[in-house]
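Engineer: Coordinates for the following, if possible.
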Amino acid sequence: MEEIFNWIRPVISGLIGGLAVYFIIRYTKLTADVEGDIRNVAYSKPFKIFSAALIPFTVFVFYAMSKSYEGQELAAGLVGAGFLAASIFFPYQAFMVSFKYDDEYIYYKSPLCGSRTVEWSNLTKVGYSWLVQADYIVVKGIGRIWCSNMLNGYAELMEFVNAKKS
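Structural biologist: Numbers count the residues shown, from 1 in each chain. Down below sits the predicted model:
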């Protein structure tokens, strides 16, 4: 009986993870919310729920790390470090960063950067990070702005940015 549970646990875990990704992608809109001429690029509700759920799950991962067997410390530490980084980065991006734009300006607000309004002419670079699996833009006066494909309006934004860069 224990062999069946050892086989089925990873399958159920994979299905739950796949279902979470499905809902995040399913409820991500192609276009941004529009307030007048300003487009608001923000994360969907399922992504925000996922981001918030990472925090208590990370606590569980650290608890499991404390119970790891001798010789597994490095692997457990790497997994824990990954969860810790994700439980800081994702909620920060989902709840504390505001990214809006119109045809002339970028309106960006975050705890680290403050509130900034910068012209699109200050766009210096468009890139992609393999580690974070997200595009980014670098704007003089703001710095690096992460542009995940999980953002509502991501496709519209990247089309706009590429037209500006050309």
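Engineer: Tell me how many other residues crowd the residue lying closest to residue 143 once chain neighbours are set aside.
Structural biologist: For residue 143, ignoring the flanking residues on the chain, the nearest one in space by CB to CB, 6 or more residues apart in numbering is residue 113 at 6.5 Å. Yep, even glycine has a C-beta here, placed from its N, CA and C like the rest. Around residue 113 there are 14 other residues, counting by other CB atoms under 10 Å.
Engineer: same thing with residue 132?
Structural biologist: By other CB under 10 Å, neighbour count at residue 132 equals 12.
Engineer: re earlier: look up how far residue 14 lies from the residue nearest to residue 143.
Structural biologist: 37 Å (CB to CB, to the nearest Å).
Engineer: Is the most centrally placed residue in the chain in a helix, a strand, or coil?
Structural biologist: By CA atoms, centre = their mean, the mean C-alpha position of the chain lies nearest to residue 90, the distance being 4.8 Å. Classification of residue 90 by DSSP: H, G, I helix; E, B strand; the rest coil places it in helix.
Engineer: mind listing what the closest residue to it other than its chain neighbours touches?
Structural biologist: Leaving aside its chain neighbours, residue 90 sits nearest to residue 51 (4.1 Å; criterion: CB to CB, 6+ apart). Residue 51 sits next to 43, 90-91, 93-95 when contact means CB atoms under 8 Å, 6 or more residues apart in numbering.
Engineer: Can you select the buried ones from the residues you listed in PyMOL?
Structural biologist: To isolate the buried members of the contacts of residue 51 in PyMOL, using 16 or more other CB atoms under 10 Å:
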select buried, resi 43+90+91+93+94
